[in-house]
Structures are given as structure tokens and as C-alpha cells.
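In: Dropping the sequence and predicted coords here.
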Amino acid sequence: MESSQGKSSSPKRGGASNPRGRGRGGASNPRGRGKKDKEIPPPEDTSIIEISSQLKNIGSIGSDSSHVINRNSLTTVENPNFKCYRIREKEQLTIGKDIPLVTNVYNFKLKENIYVDLFRVHFLNAKKELDENFKKSRKRDVVMKVLSEAKNKFDIKNFVFDDANLLYVTSGVMTEQRYEYCLDPDAKKVVYVRFEKTKSLLIKLSNVDNVSYTESKTFLNLMITQFAKIPFLESYNKQCTGIGNTLFFKPPETKSDNYSLDFLRQIWSGLCFSISLGPRGLPILNINQSFGVFPKLTLTAIDFYCEANGVQRNTLKLEKMTMNENQRARMTALLKGLNLSVDYNKSREFTIYSVIDKIASKTVIEIDDKKTTIPNYFKERYNIQLKYPDLPLIQMNPEAAKIYIPMELVKISDKPQRLKQKLEPYLTSKMVKCCTKLPGDKFSEVNSYLENIKKDGDVILKKFGTDIGNQIQTVGKILPAIKVKLPADPQKRTVYDEKLKNFTYGVVFVNRPDAPNKYNSYIDKIKFIISNVKKYGCNFASDLPSYKHEFNTKDNLSNILKKELDKLTTKKNHLVIFVIRENCTSYGSLKMYCEQKEYLGCHSQVLKTKTLFKVNPSNPRCRVTLNIAIKINGKLGGLSKDLIYEENDPKLNEFKKKFFNKNDATIYIGADVIHPAPQDVGKNSIPSISAVVGSMDILGFKYAVSGKVHTETINQNKQAMETLQFFNEQIKERITSFKNSTNTVPKHIVVFRDGVADSQFKITMDHEVSAIHKVCESINKNYKPTITFLVIQKRHGVRFLDPKKSSDKFFNGNVPPNTVITKDIINPELLDLYVVPHKGSLGTSKPCHVYALYDDWKLSLDEISLLICWMANICTRCPDPIGIPTPCYYADLACTRLKHHYIEKKELLERSKSKSNITIDIHPSIRDEQFFV
């Protein structure tokens, strides 16, 4: 081991960024602001002028800032440049019944004044140039090897490595600014590892600098799993393997079949760790059960050979077997992306280039200017006698190296590797079934795993002065039950029903979804569905379809349906029902043709034959029919249900008067953005797409969407930020549409924002809350509605268990609907709460984590809690409450729909070789309709 070290004049970077993230946006800190939107000029369209005229005499609304936090006291997040956050006050929930709960959150002991030094790790080639292609799977072993063998005699337990490029070191252990080591000077391929100090960190979870808070949190999450990542400890890759802040446990051999997905893949259960700041500024640790897909470690290339040929291994005489081109391609596809190893050189890992059309016995290679066959080479070099020299060879990457290895010597790497490829639908269903656990079982498994972790990981925890404490129990509140009445009373839906007159529908069978002699049966079931839709207010002129067509996706749907739609008075009052088979891939194109500006402009409903099979016309209470009926009614603009509080509580009456009042109107907004996945590159590349949905009625039941394709994405540490680029335009469209629909200007704006991680609160405040104020000011200087900005987080690991004993056969340990938790595991400064608005029948209920990020309406904790639960009940896709506020869910649905539009439009333009811009504009006839639900 060769090394060199010495002080450098200055470190290359003044700080290190967090390479991991929580939630879609990640946990990286936004250190700067996104590009600020230009001031919106005074609008010219008549709808905005009408709003302005109504606002001449309106003064400032909700300017009281008594609920705004003192920016000098904020310690966990950076202060926004725009305005301050909503403070957590001493208020408590005053409604609801107490319920004792067990959480999967634990006290976490952290001693004061823990200092670590942060080093950036560089992997260099023989010329000491940065090796960008250095395999990530090798990094940990290489780093730990050079540190353990260094002349300095480092104690390996002082290091926490993130498996990428950051190394945290106990302060004082590595005293120089720069270290450089050579892994093996005599190796054929020389590797250097360079460590450069970037900064010293005080590990503390209450700091005015959000960068330090985020980095401290990242370090602690990695440190907890570090014991399973050190190759020289006995626990390394034995019972469990550490990946990031998660530990995955190998299934016991006796139960391995229970966790098997197919011949290649199996499910590993694990624990995911997440540190946060709890009450009184003390750290708390969330430990949630996680699941991952891993390849079976016992597999060899021969097993893949058998799978590619569709045969059992014990029935083969491999000495005489061969492979055709299709079989070689299938085997290559099965092995792609996997780390492979060979017994004769366990230090190396390979990835496959291809299974080639060459066999070992007839392939000659040149070694040291001498030609020899591959069997002779392995016999002379490794004393290995090949059993199957006539099987195809496997060529490894890189292609130019021409590395040929006999199939019988190749196997899956011993190092666990998590597979991230998307599973086939049937495997996804199988995995969900295997991983779905009731709260009692989930909590029991978490604590069982945790006991083993404490034993094995204690040496690392103590080294850094930390310890995992007791499980936290708390008391939540069960808010008053919300009764759903189906259908809604006719007098309450008058405003909705008057727009739902003389609807017609047609049926299109796509790509012959079934035998034609079954079509009449499907038509009868569709007629039954339509007759049920009528009960909810939508008036169809007839139960019979106005036309029936067969459609092949190779044809032009627009041309076929345009002839039918031209016969109608209005396209808006027409519904096309598409019948498709289970594996049909035409959903996106069907929706694009019906909804995009350039095409038809009508509503559509896609029904799978599998779904229609479940429709039972002889059962008036058929649940499938009910779900489809209320969904169609809501899609067309109807009010499908009514919500009622059964308790006669003055606070509940005041709540409804405050939030659903035509004389003091509130618009409800849902906002979300989706970013391209890692595999969406090259020809498959798509941009970020955002959707902002806004209510179109006083009751907040009907929504329309403003969708935008982003032309640029704000990135932080290679993570796409959640910022909505055109949020000002989208908010403006929603306010205008609300006014046009209700003849009322909203005096209150409530935003349910999806997908914002804690570390992105600042940029969200600076960009999006600021944008709302600017839009209102551009409409009229005197237009100052109150703004309540609620962030809804779904990607977190907090769960709850109701520990009571019950003889009720329907009790499964899940908390009741409308359970709210506002203490013991919440942020000490920002106003946040956990809400479970829905009923958990399968698995463990997942709460939504709500942050009242900004609120100049001065809503109480009672009002925010009631509003979250109420808005989870208005979804028109099902009669029961969902797990998050409906505007948030609708924004997510709209994003997905617009993504379908973009992909299909892109493919259509590529086929026609058109150079037109790809747009996702919605047809004017349904632009203000709820087509996306």
C-alpha cells in the first residue's frame, strides 16, 4: 500500500452537499433561490377585468401576522426571503376523543459537541485523473481497504462512508487536508484514492443554518447502518446489508420460498431510519419497515441458461446443449444490470455485454504471444477443468476488452445488490400481497429486528456518542365522524344538475378486447352503469349508446369519432366509453385524442373487460358499479355525494360556514409536479410537468386543471427541485375560472401542495407563496385574499398502532378514520401534524404529514385538522375517504394524465416526422371540466 499525504493550500470545495434525499425532492438543501418570476403585467382579458371591478372597494384581508414565526428564533430551516413561516403555538386540539397510540418513532440520544470532519473521496486512474466510471459497488470495499491498511493505523470504526463520494470521520483522526493512497501498485489496473477535507461539522439538530441541519441528519442516518457496511466486521453482509439509511435482511433459508418472486428475484425485508427534530428540540428516530427486491445469491449462469431455454436443470444434459440467437438474447436480457463474479477471482465483479455465438472449445485466445484454447487456459492458469466446453461464452463489459468467460464459471455476485427495475404487474401484485402487514405484525417485526441491530451496531453507536432509546407512545384525537350520503340531496346539487342535461354516450371496442359475440353482454352492463349514473344527477337522454364501433389502434381514432361528434349539438355533453383488454397499452393515446386541443374535446371513460366482468346488473348494491357511476358523474361535473357531521357541535357548524360560504368564498388549490425518471433519457426523455387544480364551486367538490410543461428544472445536488416554474400563470387561471364559474371572487386561497421535502420549504416560500401574492396584486392592487399554504407529505415512514384489545372481528390494530396526532413526534417550531383520514382495512394505515407552511388566515389547529379530514372525503372516485386531501390527489392524477398526453403526442409527431412543438393544451370544451379523475 503506497500513500502520500500533506496539507493543501485550500480544499477544493467549501462545503459538501447531501447526496441522499427524502421524498421525491430529496433532502438536499436549496442554498439559493430559483429564478424569480417577472412581475405580471396588468391583464387584458375580460374575466380578470371583471374581477378587478368587483375588488375596487375591497381592502386588505387577513393582514394580521400574529401567527407568523419570529425569524430570529427559527432553528431548523432557513428563513425564506419572502415571508416567515407559520409558528407552532401552544394551542391544542379541543375537539375529538382521546386515543392512546404506539408509534414507530423512538427517542434518540445524542451527546453534545459531536464533531466530524467531512472528506470528499475521489477515485483516480493510473494517470491520477478522475475515473468517472469507477463502479459504485466497488467503492466501499476499496475505501475501507486503503484506510485499514494505511500506515496511520486508522480505527475503521471512526469512518462513515456514503458509498459514493463522502466520508465522515471522527474529528482529529485524519489531521491533514489531503490524503492519497494507491490500492495496489503492482496491479494491472492501478487505482488511487484521494481524500480531500471540505469542512468540519458540529453534529447538531438545532442550528440556524439549514445546511448544517441537513448534513447532520444525513450523517446520523448513515451512521446507524454503518455497522453492516464495514467489510472487516463480522456482521458485514451476513445477516443484513446496509444501503444508504436502510438495512435489508436476508430471508431465512427455511422461509426463502415465501419471499420468492420468480427464479431470479426475491423480497428482502428491511428497516429504514430517519432522524428528525422532535418536541423540546430533542432528536427522534423513525424506524419503518421497508422492502426491496434482490437477486437470489445462489444463482449461477447455468440457472439463467435453463430459464432462457425454458427447461429444468435436472433434466438437461448440458454437455450436448446449444443456444439459438433468440435464446442468447433472452439470457443476455436476464443478466443485464446484474453484478457477476467468478470463483477463481473473487475480488473482481463484471457486468454482461452479451451471450455470444462462440463456444469455449473452439475459441482461441492469445496470452503472452502464445495461442491457446479457452479450456486449456483455465486448466493451466487456474487448474479448472471445464465440464461444459461447448456451451456459449459470456462476454463481459467493456466490449473492447474482449473478456470471454465460460458460462459454467459465472454466478451472481456474493455482494447483495438491490434491483431497481420496474416489476411486471403480476409481480408487483405478488410483492404487495407479501409485504402487506397489519400494524401489530409490522411493529413486532420492527422491534425484533431492532434488538439485533442494537447488539451488532452498538460499537458504532457508542463510538459517536449515540443510542437508540425507547419507543414513543402518544395520545391522538379522533375527530367527529363524517357521514357520506349517496346520492346527494337533489336540492343541494341543483347548481350542478342544471349543467348536466341531455348527455349522450357511445361505445368503442378497442383492438377486439374479446370475442364479438360477447359485445352485447358488455353493452348490457354499460347500460346498467349509465342507469346508475342518472341517480346522481347526470341526465342521459337514453340508456342506449348512440353508436358502437370497433377500433384498431393502427387507425385514426379522431377521424372515426369526429363523424359521430359532428352530429351532436355540443361535444362537451358526450361521453365515449372505451372497452379494452387487460394488457392494452393504448390508454394514453385514447385520452389524448379525446382531451387535447387539436382533437375531439369530449369526455371519456376506459373500462377493462376484467372490470366489466365484475359488474352485476342483478345486484342493485354492486360496489364496482357504484364506484364507476360516481366517478363518471363527477367527471362530467356532477355532485355525487353529500357530507354531513352527525354530531351537533357548534364548532362543526362554524367550520362549515367558514370554509364553504358563498359570501366569503374560498378557493381550494392542489399542486404537484412530476419529474423525469432516471430511465427517461435519450429518445425517452420527457420534461418536468406540473398540474395545478382549483375548485370551481363553493363546496370544493369540482375541479379544473392548469397544466404546464416546464422548460427548465431547478436542480440542487443533481436532485430535481419541486418548484413549479409557471405557478403564477396557473394560479391566475384557477382564480379566473373560479370567478367565472361561481360569480364570486375568492377571499381565501387554500393550497394543498404535494411533494415538498423539509429541506425545500425555503425555496417553496420564496417562489410559490410569493407568486400567489404577485398574481393577486396583478389582478388588483386592493385584492389581498388570505393565503393558507399546506404542504402534504406522503413519503415518510411514521405509522401508528392502536394497542387496545378488542373482540371486534373488524378491528385490526389500525387507528380509526379522522385520527389526528399533534404532539410527541412533531416539529418543535413549524406547525405540523399527522392525519389518518381514511379507514385502513389492509396493511397499516399511512398518515399524511401536514405542514402549515404559511397561513395569514390565522386558522386554528382545530380548523386545519377538520379541513384535512373533510377534504379527504370529497373525492369523486370512491364513496369512502382517501388518505390525503382530494385537491392534492387530483393534482397527482392530473400530472399523470398530462404525462400520458405528452408521451403520446411526442410519439405521434415522431411518426409523422413533424417538427412542431409538443403541447399539452386541453380542448376548450372540457378545459374547465374534471376530465382527469
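Out: Happy to help now that I have it.
In: what's the domain layout of this structure?
Out: Using automatic domain parsing, the domain ranges for the chain come out as 46-96+646-797+846-897, 113-203, 301-412, 487-639.
In: Identify, out of these, the most deeply packed stretch.
Out: Counting by mean count of other Cβ atoms under 10 Å, domain 46-96+646-797+846-897 has the highest mean neighbour count of the domains of the chain, with a mean of 20. The C-beta positions use only the backbone N, C-alpha and C, and glycine is treated the same way.
In: next one: that one to chain centre, how far?
Out: Offset of domain 46-96+646-797+846-897 from its chain centre (Cα atoms, centre = their mean, to the nearest Å): 20 Å.
In: Which stretch among the domains of the chain approaches residue 264 most closely?
Out: Closest of the domains of the chain to residue 264 is domain 301-412, at 6.8 Å (criterion: Cβ to Cβ).
In: Poorly predicted segments of the chain, please.
Out: Filtered on pLDDT under 70, the chain yields the residue ranges 1-85, 206-210, 232-238, 313-316, 678-683, 713-722.
In: measure stretch 431-446 end to end?
Out: Terminal residues of stretch 431-446 lie 19 Å apart, using Cα to Cα, to the nearest Å.
In: And stretch 566-580, by the same measure?
Out: Stretch 566-580 stretches 25 Å from its first residue to its last (Cα to Cα).
In: With stretch 411-429 instead?
Out: With Cα to Cα applied, stretch 411-429 spans 28 Å between its terminal residues.
In: list the buried ones in it?
Out: Residues of stretch 411-429 classed as buried by neighbour count (16 or more other Cβ atoms under 10 Å): 411, 412, 413, 415, 416, 417, 419, 423.
In: Show me which of the residues you listed is closest to residue 203.
Out: Within those, the smallest distance to residue 203 is 28.6 Å, found for residue 416 (Cβ to Cβ).
In: residues in contact with residue 122?
Out: Listed by Cβ atoms under 8 Å, 6 or more residues apart in numbering, the contact set of residue 122 reads 130, 165, 193, 194, 195, 196.
In: Give me the subset of the buried residues of stretch 411-429 that lies in strands.
Out: 411, 412 (DSSP state E).
In: Next, give me the two most distant ones among the buried residues of stretch 411-429.
Out: Spatial extent of these (Cβ to Cβ) is set by the pair 411 and 423 at 23.1 Å.
In: of the domains of the chain, which approaches residue 246 most closely?
Out: Closest among those, using Cβ to Cβ: domain 46-96+646-797+846-897, at 10.1 Å.
In: residue boundaries of the helices in the stretch 601-750 of the chain?
Out: 609-614, 623-635, 650-659, 727-742 (DSSP state H, counting those that start in this stretch).
In: Would you reformat those helices as JSON lines and include distance to residue 278?
Out: Conversion of these to JSON lines gives the following (distance: least, Cβ to Cβ, whole Å):
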{"stretch": "helix 609-614", "distance to residue 278": "45"}
{"stretch": "helix 623-635", "distance to residue 278": "40"}
{"stretch": "helix 650-659", "distance to residue 278": "29"}
{"stretch": "helix 727-742", "distance to residue 278": "32"}
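In: what about residue 471, which SS state?
Out: strand (DSSP: H, G, I helix; E, B strand; the rest coil).
In: In contact with it, which residues?
Out: So residue 471 contacts 102, 103, 104, 105, 106, 447 (Cβ under 8 Å, 6+ apart).
In: Rebuild the domains of the chain as JSON lines, extending it with distance to residue 925.
Out: Below are the domains of the chain laid out as JSON lines (distance: least, Cβ to Cβ, whole Å):
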{"stretch": "domain 46-96+646-797+846-897", "distance to residue 925": "12"}
{"stretch": "domain 113-203", "distance to residue 925": "51"}
{"stretch": "domain 301-412", "distance to residue 925": "45"}
{"stretch": "domain 487-639", "distance to residue 925": "4"}
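In: Which of those domains sits closest to residue 464?
Out: Nearest of these (Cβ to Cβ): domain 113-203, 6.2 Å.
In: distance between the ends of that closest one?
Out: Across its full length, domain 113-203 reaches 7 Å between end residues, using Cα to Cα.
In: can you give me the strands in the stretch 451-600 of the chain?
Out: 466-478, 482-485, 504-510, 548-551, 574-580 (DSSP state E, counting those that start in this stretch).
In: got a markdown table for those, with distance to residue 382 too?
Out: Shown next, in a markdown table, are those (distance: least, Cβ to Cβ, whole Å):
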| stretch | distance to residue 382 |
| --- | --- |
| strand 466-478 | 47 |
| strand 482-485 | 71 |
| strand 504-510 | 58 |
| strand 548-551 | 62 |
| strand 574-580 | 56 |
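In: Go through those and name the closest to residue 651.
Out: strand 466-478 (13.0 Å).
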